[in-house]
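K.L.:
no sequence for this one, just the structure:
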């Protein structure tokens with residue numbers, strides 16, 4: 001079973017199905033932004049567009065976040 005990984009960052013855009021996420025330690029120009037399906041993530045803490053999310057390790061690997 002896959003481990004869960006947490007990231008802190010910002011929601012740049014949001015649709016009904018996904019969020020465009022930018023982690024705090026990624027490039028500020030948006031070149032590292034990635035779409036994440038809402039069905040696979042949990043928002044642990046959120047205030048405005050600042051969030052802490054949790055997602056499965058396989059998804060983070062697939063999106064090249066690790």
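P.N.:
Good, I have the coordinates. No experiment lies behind these values; they were computed from the predicted model shown.
K.L.:
quick check: mean pLDDT across the longest strand seen in the chain?
P.N.:
With DSSP state E setting the assignment, residue counts place strand 4-14 as the longest strand in the chain. Across strand 4-14, pLDDT averages out at 93.
K.L.:
distance from it to the middle of the chain?
P.N.:
Chain-centre distance of strand 4-14: 3 Å, with C-alpha atoms, centre = their mean, to the nearest Å.
K.L.:
check which element follows that strand along the chain.
P.N.:
Toward the C-terminus, strand 4-14 is succeeded by strand 18-23 as the next helix or strand (DSSP states H and E).
K.L.:
for residue 64, phi and psi?
P.N.:
Reported as degrees, to the nearest 10, the phi and psi values for residue 64 are phi 60, psi 40.
K.L.:
from residue 49, how far off is it?
P.N.:
Distance of residue 64 to residue 49, computed by C-beta to C-beta, to the nearest Å: 22 Å. For the C-beta atoms, the positions are set from N, CA and C on the backbone; glycine is no exception.
K.L.:
what stretches of this protein score poorly on pLDDT?
P.N.:
1-2 (pLDDT under 70).
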